[in-house]
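pasted the sequence and its predicted model underneath.
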Amino acid sequence: MGNSPVKTWSIGLQHVLAMYAGAVLVPLIVGGALNLSFEQLTYLVSIDLLTCGIATLLQVWKNKFFGIGLPVMLGCTFTAVSPMIAIGVQHGVTAIYGAIIASGIFIVIISSVFSKLVKFFPPIVTGSVVTIIGLTLIPVAINDMAGGQGSENFGDPKNLILAFSVLAFILLLNKFATGFLKTISILVGLVAGTIVASMLGMVDFSKVGEASWFHGIKPFYFGAPTFELSSIITMILVAIVSLIESTGVYLALGDITKQKVTEKDLARGYRSEGLASVLGGILNSFPYTAYSQNVGLVQLTGVKTKNAIFAAGTILVILGFLPKVAAITTLIPTPVLGGASLAMFGMVVAYGVKMLSQVDFNKQGNLLILACSVGMGLGVTVVPDLFIKLPETVRILAQSGIVAGSFTAIVLNILFNMVPNFQRKAVQPEVSEQKAS
């Protein structure tokens, strides 16, 4: 069959299915936490799929200014979920999009020099930050498993049975399924859980009928963006962590496709992510980053050409214009979403731990960096009033557990790892000169 159109589009569809659950979960969780209406939630899912497609096409289309030209899919990072919810609750939905636009512009500007800044984000820092982000997401999943925070039937045994059944089903698929079925276990779990929930009378299909078949793009759907300093700093931190994760994805894909990834390639890749985030802010969707789950699919299928990714991006764009598809997605009951989210968010924590596995914990300094950054991140998340008496400008920054934890990790890494290295380098030339004399 070779590289026939049928095969290309089939592999493209498979790439869409592999990342679909992750792409759809983000708007559902953020929209649910911000109490968006059904119509708003449908728009959010639709526009997210559309922007995922455009972002992917921007990244695959290699040119002088942007595009890494590797078979990579882009989607919203789970790293951004907790910060976006926190910003939305504290400053309103428009502040989320102001922060996303600003962070995207920041990434475009620093893309060329970011490779030189990566030294400030070794595995001890990025691993700590990703672990903190995952831990702050877990309560969102637990609340959803119980029926959603503030819901009338919160903690109903029916909700808990459904949520834990979905989680168990996903785990069993990962244990016993192979190949593609294993890859889309989250998606299969969501579908199976929704079918069971509909049998229990927990799904209302009437709203799908009300959703239109086609809609146009509406920039600034939720209103003109507002730019709030602490929110912008938070999203810039999230963007930097995403870039570091993406770097790993790009290097892995370069290895799989036998392509050398240069510093200029990385800069173009970073610029694509920045442009995609600016676009996400304008269209009221999300910040975008390379999706690691699709790397496994490239390895699994052995299809390493960009054509399949072009097909996947095109499919996502088409789906983004069909609100009926988004409306079906929003039918997923909250407990079903919670069960799947626990697995997904737990994986964020696990990925953070995996990043930390590269760290030498025989050094007391590294232990202290992890201990204090995670402790600060979790502490501020649990007790956000810790800094209530500080001036507002400082307080707003300090109230985010992710910002507080990230800042702690960066500063302590400089103190324990970078300053001693500089001192050693300064001492060595002196010793060499003395020996020479």
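Nice, thanks for sending it over.

quick one: the strands in the stretch 201-350 of the chain?
288-290 (DSSP state E, counting those that start in this stretch).

quick one: low-confidence parts of the stretch 51-200 of the chain?
Within the stretch 51-200 of the chain, the ranges that satisfy pLDDT under 70 run 116, 118, 179-180, 183-184.

okay, strands next: where are they in it?
74-76.

how about the helices of it, start to end?
Taking DSSP state H, counting those that start in this stretch, the helices of the stretch 51-200 of the chain run over residues 81-91, 93-110, 114-117, 123-145, 157-176, 179-183, 185-199.

of all these, which one is nearest residue 46?
helix 93-110 (16.2 Å; CB to CB). The C-beta positions use only the backbone N, C-alpha and C, and glycine is treated the same way.

now do the buried residues in that closest one.
For helix 93-110, burial by neighbour count (16 or more other CB atoms under 10 Å) applies to 93-108, 110.

please apply the same query to stretch 313-330.
For stretch 313-330, burial by neighbour count (16+ other CB under 10 Å) applies to 313-317, 319-330.

can you get me the start-to-end distance on stretch 147-163?
Terminal residues of stretch 147-163 are spaced 9 Å apart (CA to CA, to the nearest Å).

can you list contacts of that stretch?
32-33, 143-146, 193, 196-197, 200, 202, 333-336, 338-339, 342 (CB atoms under 8 Å, 6 or more residues apart in numbering).

in ChimeraX, how would I select the buried members of those?
Here is the ChimeraX command that picks out the buried ones among the contacts of stretch 147-163, judged by 16+ other CB under 10 Å:
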select :32,33,143,144,145,146,193,196,197,202,333,334,335,336,338,339,342
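
and the residue lying closest to residue 41 once chain neighbours are set aside, what does it touch?
Nearest-residue entry for residue 41: residue 31, 4.4 Å, with adjacent residues in sequence omitted and distances by CB to CB, 6 or more residues apart in numbering. By CB under 8 Å, 6+ apart, residue 31 lies in contact with 40, 41, 44, 45.

distance check, residue 31 against residue 382.
25 Å (CB to CB, to the nearest Å).

nearest residue to the spatially most central residue of the chain other than its sequence neighbours?
In the chain, the residue lying closest to the centroid (CA atoms, centre = their mean) is residue 77, at 1.2 Å. Among residues not flanking residue 77 along the chain, residue 289 sits closest, at 4.3 Å (CB to CB, 6+ apart).

how close does that neighbour sit to residue 332?
23 Å.

quick one, which of these two is more surrounded?
residue 289 (28 against 20; other CB atoms under 10 Å).

that one contacts residue 244, doesn't it?
No: if you go by CB atoms under 8 Å, residue 289 and residue 244 don't touch, sitting 10.0 Å apart.

and for the closest residue to residue 119 other than its chain neighbours, the neighbour number?
Spatial nearest neighbour of residue 119, excluding adjacent residues (CB to CB, 6+ apart): residue 418 at 7.8 Å. If you count neighbours by other CB under 10 Å, residue 418 ends up with 13.

do residue 47 as well
25.

sec struct for it, please.
helix (DSSP: H, G, I helix; E, B strand; the rest coil).

list the contacts of it.
217, 221, 283, 284, 285, 320.

between the residues you listed, which is closest to residue 235?
For the contacts of residue 47, the minimum distance to residue 235 (CB to CB) is 13.6 Å, reached by residue 285.

what pLDDT does the residue nearest to residue 119 get?
Looking at residue 418, its pLDDT stands at 84.

and it, how far from residue 372?
16 Å.

nearest to residue 359 among the helices of the stretch 51-200 of the chain would be which one?
helix 123-145 (4.8 Å).

helices or strands up against the closest one?
Contacts defined by 3 or more CB pairs under 8 Å, 6 or more residues apart in numbering; DSSP states H and E place helix 123-145 against helix 5-33, helix 81-91, helix 157-176, helix 229-256, helix 334-356, helix 364-382, helix 401-413.

mind redoing it with 6 Å?
Contacts defined by 3 or more CB pairs under 6 Å, 6 or more residues apart in numbering; DSSP states H and E place helix 123-145 against helix 81-91, helix 334-356, helix 364-382, helix 401-413.

list the buried residues in the last one.
Residues of helix 401-413 classed as buried by neighbour count (16+ other CB under 10 Å): 401, 402, 403, 404, 405, 406, 407, 408, 409, 410, 412, 413.

can you add pLDDT and distance to residue 265 and give the residues you listed back as TSV?
As requested, these are exported to TSV (pLDDT from 0 to 100; distance: CB to CB, whole Å):
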residue	pLDDT	distance to residue 265
401	77	34
402	72	29
403	72	30
404	80	34
405	84	31
406	79	27
407	81	30
408	89	33
409	88	28
410	85	26
412	93	32
413	92	27
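
sorry, back to before: in TSV: the helices and strands packed on helix 123-145, plus distance to residue 388.
Listed next are the helices and strands packed on helix 123-145 as TSV, based on distance: least, CB to CB, whole Å:
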stretch	distance to residue 388
helix 81-91	14
helix 334-356	28
helix 364-382	11
helix 401-413	14
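
looking at those, spot the one closest to residue 63.
It's helix 81-91; of the helices and strands packed on helix 123-145, that one is closest to residue 63 (CB to CB) at 30.3 Å.

residues in contact with the closest one?
29-30, 33-34, 95-96, 136-137, 228, 231, 234, 238, 402 (CB atoms under 6 Å, 6 or more residues apart in numbering).

dump the residue contacts of residue 406.
By CB under 6 Å, 6+ apart, the neighbours of residue 406 are 129, 237.

and the gap between the residue nearest to residue 112 when sequence neighbours are not counted and residue 195?
With sequence-adjacent residues excluded and distances taken as CB to CB, 6+ apart, residue 112 is closest to residue 267, at 4.9 Å. In this structure, residue 267 and residue 195 are 46 Å apart, going by CB to CB.

higher neighbour count, the two?
Between residue 267 and residue 195, counting by other CB under 10 Å, residue 267 is the more crowded of the two (19 against 11).

quick check, that one in contact with residue 110.
No: between residue 267 and residue 110 there is no contact under CB atoms under 6 Å: 9.6 Å.

spit out the contact partners of the closest residue to residue 254 other than its chain neighbours.
If the residues on either side of it in the chain are set aside, residue 254 comes closest to residue 261, at 3.7 Å by CB to CB, 6+ apart. Shown in contact with residue 261 (CB under 6 Å, 6+ apart): 250, 251, 254.

alright, calling it a day.
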